[in-house]
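S.K.: Could you work out the structure for the sequence below:
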Amino acid sequence: MPDADHDAWVEPERIADVMLSLCADATDVTSGGEIPVYGDTL
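M.R.: Here you go, the predicted structure:
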């Protein structure tokens, strides 16, 4: 993606944070959900 604005992409560490939160015991009733993770949109 040569024309992509890489500065607006979500950092891998932030995506990992989302993934870890989905592995928490409190989300055991969540299954097959799609979680959008967006970068800077402002």
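S.K.: so where's the chain uncertain?
M.R.: By pLDDT under 70, the weakly predicted segments of the chain are 40-42.
S.K.: And the helices in it, which stretches?
M.R.: Using DSSP state H, the helices of the chain run over residues 12-22.
S.K.: list the contacts for Ile35?
M.R.: Going by Cβ atoms under 8 Å, 6 or more residues apart in numbering, Ile35 touches Val18, Leu22. For glycine as for every other residue, the C-beta is placed from the backbone atoms N, C-alpha and C.
S.K.: How much space separates it from Pro12?
M.R.: Computed as Cβ to Cβ, to the nearest Å, the Ile35 to Pro12 distance reads 15 Å.
S.K.: With Glu34 instead?
M.R.: 19 Å.
S.K.: Which one's more surrounded, those two?
M.R.: Pro12 (8 against 4; other Cβ atoms under 10 Å).
S.K.: quick one: that one from Val29, how far?
M.R.: Taking Cβ to Cβ, one finds Pro12 at 27 Å from Val29.
S.K.: Ok, Gly39 next?
M.R.: 28 Å.
S.K.: Same check on Glu13?
M.R.: In this view, Glu13 and Val29 are 27 Å apart by Cβ to Cβ.
S.K.: Might one say that Thr30 is in contact with Ser21?
M.R.: No: judged on Cβ atoms under 8 Å, Thr30 makes no contact with Ser21 at a distance of 10.3 Å.
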